[in-house]
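1. Pasting the sequence and the predicted model now:
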Amino acid sequence: MYSVMIRIGDARKIKREIFDNSVDAEAYFNKLCERRTEYPATVVLTERILVRKKFRIDKNHKGERFIINEEIA
């Protein structure tokens, strides 16, 4: 089970989608990474409890990509 989450700003609210296969989860993760917000945001892709990828969207529309594990099995 894969989960993709986005948290915008300092809000405690998190939007989460759950996927059964890695291809759909990866596609949704990439879609969220292209979002632009007026506040900093964080997008996280997890497999069960293991974080696979994390992407930080800055307020200035620049993102720094932190890839924890390149492969998603």
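-> Thanks, I have it. Numbering: from 1, shown residues only.

2. Spit out the contact partners of residue 47.
-> Listed by Cβ atoms under 8 Å, 6 or more residues apart in numbering, the contact set of residue 47 reads 1, 2, 3, 22, 72. Yep, even glycine has a C-beta here, placed from its N, CA and C like the rest.

3. repeat that for 6 Å
-> residue 2 (Cβ atoms under 6 Å, 6 or more residues apart in numbering).

4. So it versus residue 55, what's the distance?
-> From residue 47 across to residue 55, the span is 16 Å (Cβ to Cβ, to the nearest Å).

5. all strands of this structure, in order?
-> 2-8, 14-19, 41-47, 50-57, 63-67 (DSSP state E).

6. what's the most buried one of the ones you listed?
-> Sort those by mean neighbour count, taking mean count of other Cβ atoms under 10 Å, and strand 41-47 sits at the top with a mean of 21.

7. so what strands line up beside it?
-> Partner strands and pairing direction for strand 41-47 (DSSP bridges) are strand 2-8 (antiparallel), strand 50-57 (antiparallel).

8. got the angle for the shortest one vs strand 14-19?
-> Okay, so that is strand 2-8. Interaxial angle of strand 2-8 relative to strand 14-19 (axes from the mean of the first three to the mean of the last three Cα atoms, to 10 degrees): 160 degrees.

9. And strand 2-8, how far out from the chain middle?
-> 5 Å (Cα atoms, centre = their mean, to the nearest Å).

10. and residue 31, how many neighbours does it have?
-> By other Cβ atoms under 10 Å, 11 other residues sit near residue 31.

11. which stretches of the chain have low pLDDT?
-> Judged by pLDDT under 70, the chain has its weakly predicted residues at 36-37, 58-73.

12. mind listing what the one residue sitting closest to the centre of it touches?
-> The chain has residue 43 as the residue nearest its centroid, 2.5 Å off, counting by Cα atoms, centre = their mean. By Cβ under 6 Å, 6+ apart, the contact set of residue 43 is 6, 32, 33, 55.
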